[in-house]
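K.L.:
next come a sequence and a model predicted from it.
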Amino acid sequence: MKTKWISSREFSASPGRALAAVRRAGRVLVTGHGKPRAIMIPTSEEALASDLERLDRADSERGDPAAGASAAPINVSDYARMAPERMSKMAWGYFEGGAGDEHTARWNMEAYARIRLRPRCLVDVSKIDLRTALLGRELPFPILVAPTAYQRLAHPDGELATVGGANATGATMVVSTQANTPLEEVAAAATVPLWFQLYVQLDRDFTSSLVRRAEAAGYKALVLTVDAPVLGARDREQRTNFTLPPGLDRANLRGLAAAKGSQRPSEDSIFSGALDPGVTWKDIDWLRSLTSMPVLLKGVMTGEDAGRAVDSGISGIVVSNHGGRTLDTLPPTLEVLPEIVAKVAGRVPVLVDGGIRRGTDILKALGLGAAAVLIGRPTIYGLAVGGADGVAHVINILRRELALAMALTGRTSIAAIDGSVIWRPGE
């Protein structure tokens, strides 16, 4: 008889999925509140819920400190704790892992914790307006879904579930070149604006066709990733021998050898053959000539590159260190943001990603000059735990937390957020 490990928290997030797993397994061992316990095979969601409630109640009566963990997630950290239970070790290592010793991945989050907020009192905050303008369009709030590859590793519906969550909230979604779902299928399911993230392929004609496909499908912007001419040293992926499992591919790259399997280079090379390491500034003109979509550069981390990007005619910058997944010991994006904002001087919008887990983090980024933020791993946590509903819940958690933080610092609109919201000792 097979064994399925399940917690009452897992059941709360997705009862139908939990019940199906239990039926396939033949029995269930309930964990999370002490020693594993076997319960009888349930015949319905109600029966399984009753069993789990009974065990939770018993733990509570014993004074178990973990009792009550069956509650639905209420913040991004809750989703992060639950997510690894919903995917394979290989998949979790891919999504959560960073480069090298993962210093930069940690620093991205720690940088937000070091920044303190400066509140103002006796401000009428009875109305909080989260709307903002970006690239000529009004957004309901300054939170975008970042491009993340291989989303079917986190949930069977992958990018289609993510766009469902984006639809439910109104969030703009950036779709990855390395999605498991063709860009046209994501566009067909979308009711929100979509941007397309581009990796330049060695086959430039194929790259051109990707750009044209995105524009034909109705994507509103092109986001060129510029910080990954080669893959970073991702130890977690090496330890699990990461590769796409059977049935999954890089759907947008069908027709290329890079569409399937592993992209890790051989031990005697740093080049994978999946990315073009020869992309330079001269290619920006070529790329802009292919499309009428605004082009943004993602992965800019210095003032020099930001200035050159603006001079090259790009329409926006995303300050990003690839979530700490390319070069370890890069500085956190929040610490780089002021330098980029100063160099750009309002000529194009500056966005930022990396390390955002709270609405207060978003407020800090906006206070330091960002026009909007992108969330990557939090989206994956929500996707893994609850599919489209989980994605929507994560976005709504951050949106609500941002509104709370704005009210408590006396900021009633996005336009009212400036550097004075950041506490600086001695000023």
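P.N.:
Structure's in. What do you need?

K.L.:
what ranges of the stretch 251-400 of the chain fall below the confidence cut-off?
P.N.:
Residues of the stretch 251-400 of the chain meeting the criterion pLDDT under 70: 260-274.

K.L.:
domain ranges for this protein, per the record?
P.N.:
As assigned by automatic domain parsing, the chain contains the domains 4-68, 96-421.

K.L.:
just name the most buried of the ones you listed.
P.N.:
Sort those by mean neighbour count, taking mean count of other C-beta atoms under 10 Å, and domain 96-421 sits at the top with a mean of 19. Every residue, glycine included, has its C-beta placed from N, CA and C.

K.L.:
show me the strands in the stretch 51-200 of the chain, by range?
P.N.:
132-134, 137-139, 143-145, 173-175, 194-198 (DSSP state E, counting those that start in this stretch).

K.L.:
indicate which one of those strands is closest to residue 352.
P.N.:
strand 143-145 (10.6 Å; C-beta to C-beta).

K.L.:
check which helix or strand the nearest residue to residue 301 once chain neighbours are set aside maps to.
P.N.:
Nearest non-adjacent residue to residue 301, counting by C-beta to C-beta, 6 or more residues apart in numbering: residue 336, 5.3 Å away. Here residue 336, judged by DSSP states H and E, is contained in helix 333-344.

K.L.:
and that helix, what does it pack onto?
P.N.:
helix 103-114, helix 303-311, strand 316-319, strand 350-353, helix 359-367 (3 or more C-beta pairs under 8 Å, 6 or more residues apart in numbering; DSSP states H and E).

K.L.:
restricting to C-alpha, output the fourth one in PDB.
P.N.:
If I follow you right, that is strand 350-353. Output of strand 350-353 as PDB, limited to C-alpha atoms (Å, rounded to 0.1, in the frame of the first residue of the first chain):
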ATOM      1  CA  VAL A 350      12.600  52.300 -13.900                       C
ATOM      2  CA  LEU A 351      11.100  49.100 -12.500                       C
ATOM      3  CA  VAL A 352      12.700  46.700 -10.000                       C
ATOM      4  CA  ASP A 353      12.400  43.100  -9.000                       C
END
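
K.L.:
other residues contacting it?
P.N.:
For strand 350-353, contacts defined as C-beta atoms under 8 Å, 6 or more residues apart in numbering pick out 144, 146, 296, 306, 316-320, 323, 333-334, 337, 340-341, 344, 365, 369-376.

K.L.:
ok, 6 Å please
P.N.:
Strand 350-353 is contacted by residues 146, 317-320, 333, 337, 340-341, 344, 365, 370-374 when judged by C-beta atoms under 6 Å, 6 or more residues apart in numbering.

K.L.:
circling back: dump the strands of the stretch 51-200 of the chain into a markdown table; add mean pLDDT and distance to residue 242 as well.
P.N.:
Listed next are these as a markdown table, based on pLDDT from 0 to 100; distance: least, C-beta to C-beta, whole Å:
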| stretch | mean pLDDT | distance to residue 242 |
| --- | --- | --- |
| strand 132-134 | 98 | 34 |
| strand 137-139 | 97 | 34 |
| strand 143-145 | 98 | 23 |
| strand 173-175 | 98 | 21 |
| strand 194-198 | 98 | 20 |
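
K.L.:
out of the ones you listed, which is closest to residue 229?
P.N.:
Going by C-beta to C-beta, the one of the strands of the stretch 51-200 of the chain nearest residue 229 is strand 194-198, 13.6 Å.

K.L.:
contacts for that closest one?
P.N.:
Counting by C-beta under 6 Å, 6+ apart, 147, 173-177, 187, 214, 219, 221-224 sit against strand 194-198.

K.L.:
let's see 8 Å
P.N.:
144, 147, 163, 172-177, 183, 186-187, 207, 210-211, 214, 217-225, 287, 293, 296, 298.

K.L.:
and stretch 379-386, by the same measure?
P.N.:
By C-beta under 8 Å, 6+ apart, stretch 379-386 touches 13-14, 73, 76, 79-80, 82-83, 86-87, 95, 145-146, 148, 151, 154-155, 158, 161-162, 165, 390-395.
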